[in-house]
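A.B. asks: structure here, sequence nowhere to be found:
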């Protein structure tokens, strides 16, 4: 399979309420994301974008259908080690500095201390956060938190980057900065899957 991601006839039904009733969140979704592509899941809140991403990441199991991630059927530990993920409202350890947070993220991927420090410094430079490297994350602006979140998603040099509403809460300048970063990652050969309630015009908006 050449696609970075394949979703085939995936449905998800949730049981809710004291007397359970069925809510159909995904209805036979089928799509493929080619390697090196930027692919957007667009739609209003409640359309199933985050549910789709959770199924891809094996955080929840689809009711039916199948998903292949980087050539492996999920759940796949090998595939998961080759992706990066940024949640819409990602939790960060707010009393860590930006550099400490990236070093911790690298350690969780099993890198040695010297490699962790090098990766942290390289990503701080890439995302123009060198001056904020020693600042606690609780003092970061929303745009800075999005950039440090993208940095941690890249700490393991993933082949596929999955971003859940990366523009959420950003002002126009922050949206442009993140958009430009995503296009720069595509030029480096990364595959990107993102969700957004906003329309996308290549090179103009995201």
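C.D. replies: It's in. What you see is a predicted model; the values in this text were computed from it and never measured. Numbering: from 1, shown residues only.
A.B. asks: just checking, what packs against the worst-scoring helix or strand of the chain on mean pLDDT?
C.D. replies: When the helices and strands of the chain are scored by mean pLDDT, DSSP states H and E, helix 172-187 comes last with a mean of 82. For helix 172-187, the packing partners by 3 or more CB pairs under 8 Å, 6 or more residues apart in numbering; DSSP states H and E come out as strand 38-42, helix 142-153, strand 191-196. Quick note: C-beta positions are derived from backbone N, CA and C, even for glycine.
A.B. asks: redo that, cut-off 10 Å
C.D. replies: The elements that helix 172-187 packs onto, with contact taken as 3 or more CB pairs under 10 Å, 6 or more residues apart in numbering; DSSP states H and E, are strand 38-42, helix 113-126, helix 142-153, strand 160-164, strand 191-196.
A.B. asks: tell me the angle that helix makes with helix 142-153.
C.D. replies: Angular relation of helix 172-187 and helix 142-153 on a 0 to 180 degree scale: 20 degrees, by axes from the mean of the first three to the mean of the last three CA atoms, to 10 degrees.
A.B. asks: from residue 79, how far out is the closest residue to residue 177 other than its chain neighbours?
C.D. replies: Using CB to CB, 6 or more residues apart in numbering and skipping residues adjacent in sequence, the residue nearest residue 177 is residue 143, 6.5 Å away. Relative to residue 79, residue 143 is positioned 31 Å away (CB to CB, to the nearest Å).
A.B. asks: for the helices and strands packed on helix 172-187, which one sits closest to residue 74?
C.D. replies: Taking CB to CB as the measure, the helices and strands packed on helix 172-187 were each checked against residue 74, and strand 160-164 came out nearest at 12.3 Å.
A.B. asks: wait, residue 151 sits on residue 90?
C.D. replies: No: using CB atoms under 10 Å, residue 151 makes no contact with residue 90, being 11.5 Å away.
A.B. asks: so how far is residue 106 from the nearest residue to residue 90 once chain neighbours are set aside?
C.D. replies: Taking CB to CB, 6+ apart, and ignoring the residues beside it in sequence, residue 90 has residue 149 as its nearest neighbour in space, at 5.0 Å. Per CB to CB, residue 149 is found 15 Å from residue 106.
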